[in-house]
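Visitor: here's my sequence, what's the structure:
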Amino acid sequence: MPIETGDMAHPREIARDFEVHLRTVFRWLKRGLLASENGRIKTDYRTGALLEWKSSCPLSEAQKRLGVSTGTMSAWRKKGLIKVITVMGLKRALLESLESVIQQRRLGTFSLHPTHSVPGHILNITRMGSKTLTKLLDKGIIPSDIIDGAKMIPNAEVERIRKGWLSSCRLIGAQRILCRDKRTIRRWVVNGKLKTKVVMGQRRVILRGIAKTPEEKQRLKEYLRLERKKYRKRLNAGKKSHRNKKAAKKKAHLKLQREREGFRAKRMSYNPKPMATTPIRLPDYKPAQIQMPGMGSKRLTSCQEAARSVGRGVGFIENLYNTGKLRGEKTDDGLFIFMLSLETLISKMRQRTFAG
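Guide: This next block holds a predicted model:
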């Protein structure tokens, strides 16, 4: 039961009207957003702040209803697509602009420009070719304006074309609904028996009231079902094309990023699990060992024996020795490789962990 005294109300009543916590009401009182007297709040807020509060919603709720990111929400606010008002010190989105955006997105006529749309919306609605649409724009049959160097169609004109196109059909559509030949349909159009309208320079038959008998009504219902199916298919094709372009752009960006950071390092970061390796089968050959004076107990083998044990040429062993990947001793009699270094090389080659 409301706790009121004349034009004054209790804070609990304000909390119930705004559907907020009582502490929020006290914060508003502390900031001076509500006029109070002796612990009671004046009810003049009901003719202003409360109406604006009811006709709006928080930005977080608007973002959730639209299903967009925070950045997209901010961009749409800057463009004026989502109108924002300040109520009780809080920014809230108007429900009217929110419903308008949702309706436009559902119909496929949504545009990032607040007053104009791209000509592609007309293609989705009418399924005409881009060359035909260009001719209509050049002749001025469809009004357009040049914005940022591109032709844009006013949103009101797009909505008028959409309603006119979907509420009418071509003469061949009237033939299918009424099961009449082309000559009869044309005669009925001339005599005024069939009402018509001109949409984008085309004369089309108005669907309202065209079907009289149950059979004609059934054919009209089927015709409208097929048209809605075609329209949804065109609309989904446009959305799919947009998603594919966005995915291709993202893929190109990732490719460029991989090239900048190093393709090998980026590939390894995308494949954290090590790939299974198959050990290399080397010749089962034990090289002949020799001991040279002054070398103590170190075992060595000739370059030819080392090359034979790994199944490679002598040049391979010499290259590893010159690059420091294989230790040995070079004398007047030739190159000799330490057995310990050779055994380490053979072990790495069998496990495919040697990068030579």
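Visitor: where does the prediction get shaky in the protein?
Guide: 1-6, 39, 108, 234-235, 238-239, 262-284, 291-297, 352-356 (pLDDT under 70).
Visitor: show me the domain layout of it.
Guide: Here the domain parsing of the chain from automatic domain parsing is 4-54, 222-275, 278-356.
Visitor: what are the buried residues along stretch 65-75?
Guide: Within stretch 65-75, the residues that qualify as buried are 66, 68, 73, counting by 16 or more other CB atoms under 10 Å. For every residue, glycine as well, the C-beta is placed using N, CA and C.
Visitor: among these, which one lies nearest to residue 345?
Guide: Closest approach between the buried residues of stretch 65-75 and residue 345, by CB to CB: residue 68, at 59.3 Å.
Visitor: could you pull up the residues touching that closest one?
Guide: residue 76 (CB atoms under 8 Å, 6 or more residues apart in numbering).
Visitor: against residue 237, how distant is it?
Guide: When CB to CB, to the nearest Å is the yardstick, residue 68 and residue 237 sit 22 Å from each other.
Visitor: check residue 333 too.
Guide: 79 Å.
Visitor: compare the two (neighbour count), which wins?
Guide: Set side by side, residue 333 and residue 237 show more neighbours around residue 237, with 11 against 8, by other CB atoms under 10 Å.
Visitor: what's the spacing between the more buried one and residue 72?
Guide: 23 Å.
Visitor: cool, and residue 51?
Guide: 29 Å.
Visitor: likewise for residue 308?
Guide: Distance from residue 308 to residue 72, by CB to CB: 68 Å.
Visitor: mind putting the domains of the chain into CSV with distance to residue 81?
Guide: Shown next, in CSV, are the domains of the chain (distance: least, CB to CB, whole Å):
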stretch, distance to residue 81
domain 4-54, 19
domain 222-275, 17
domain 278-356, 56
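Visitor: and the ones you listed: which comes nearest residue 136?
Guide: Closest among these, once you apply CB to CB, is domain 222-275, at 18.0 Å.
Visitor: before we move on, which element is the spatially most central residue of the chain in?
Guide: Of all residues in the chain, the one closest to the mean position by CA atoms, centre = their mean is residue 243, 5.7 Å from it. Per DSSP states H and E, residue 243 falls inside helix 214-261.
Visitor: just checking, what packs against that helix?
Guide: The contact analysis (3 or more CB pairs under 8 Å, 6 or more residues apart in numbering; DSSP states H and E) places helix 214-261 against helix 120-126, helix 171-178, helix 263-270.
Visitor: hmm, try it at 6 Å
Guide: Other elements packing on helix 214-261 under the criterion 3 or more CB pairs under 6 Å, 6 or more residues apart in numbering; DSSP states H and E are helix 120-126, helix 171-178.
Visitor: elements contacting the shortest one?
Guide: For helix 120-126, the contact count by 3+ CB pairs under 6 Å, 6+ apart identifies helix 155-166, helix 214-261 as packing neighbours.
Visitor: how far off centre is the host helix or strand of residue 132?
Guide: Using DSSP H and E, residue 132 falls within helix 130-139. Put simply, helix 130-139 sits 30 Å off its chain's centre (CA atoms, centre = their mean, to the nearest Å).
Visitor: and stretch 78-98, by the same measure?
Guide: Averaging C-alpha positions (CA atoms, centre = their mean) puts stretch 78-98 24 Å from its chain's average.
Visitor: what's in contact with it?
Guide: 28, 33, 49, 52-53, 55-59, 62, 76-77, 101, 114 (CB atoms under 6 Å, 6 or more residues apart in numbering).
Visitor: let's see that with 7 Å instead.
Guide: 28, 31, 33, 49, 52-53, 55-59, 62, 65, 73, 76-77, 101, 112, 114 (CB atoms under 7 Å, 6 or more residues apart in numbering).
Visitor: tilt between the helix holding residue 243 and helix 155-166?
Guide: Interaxial angle of helix 214-261 relative to helix 155-166 (axes from the mean of the first three to the mean of the last three CA atoms, to 10 degrees): 130 degrees.
Visitor: tell me the contacts of residue 147?
Guide: Residue 147 touches 113, 116, counting by CB under 7 Å, 6+ apart.
Visitor: ok, it to residue 126 distance?
Guide: If you go by CB to CB, the gap between residue 147 and residue 126 works out to 22 Å.
Visitor: could you do residue 164 as well?
Guide: Per CB to CB, residue 164 is found 10 Å from residue 126.
Visitor: the more surrounded of these two?
Guide: More crowded of residue 164 and residue 126, by other CB under 10 Å: residue 126, with 20 against 17.
Visitor: please report how far the more buried one lies from residue 322.
Guide: 74 Å.
Visitor: same check, this time on residue 192
Guide: 100 Å.
Visitor: ok, the nearest residue to residue 300 once chain neighbours are set aside - contacts?
Guide: Nearest-residue entry for residue 300: residue 336, 4.3 Å, with adjacent residues in sequence omitted and distances by CB to CB, 6 or more residues apart in numbering. Counting by CB under 7 Å, 6+ apart, residue 336 touches 292, 300-302, 328-329.
Visitor: hang on, residue 200 packs against residue 161?
Guide: Yes - here residue 200 lies in contact with residue 161, judged by CB atoms under 7 Å, at a distance of 6.3 Å.
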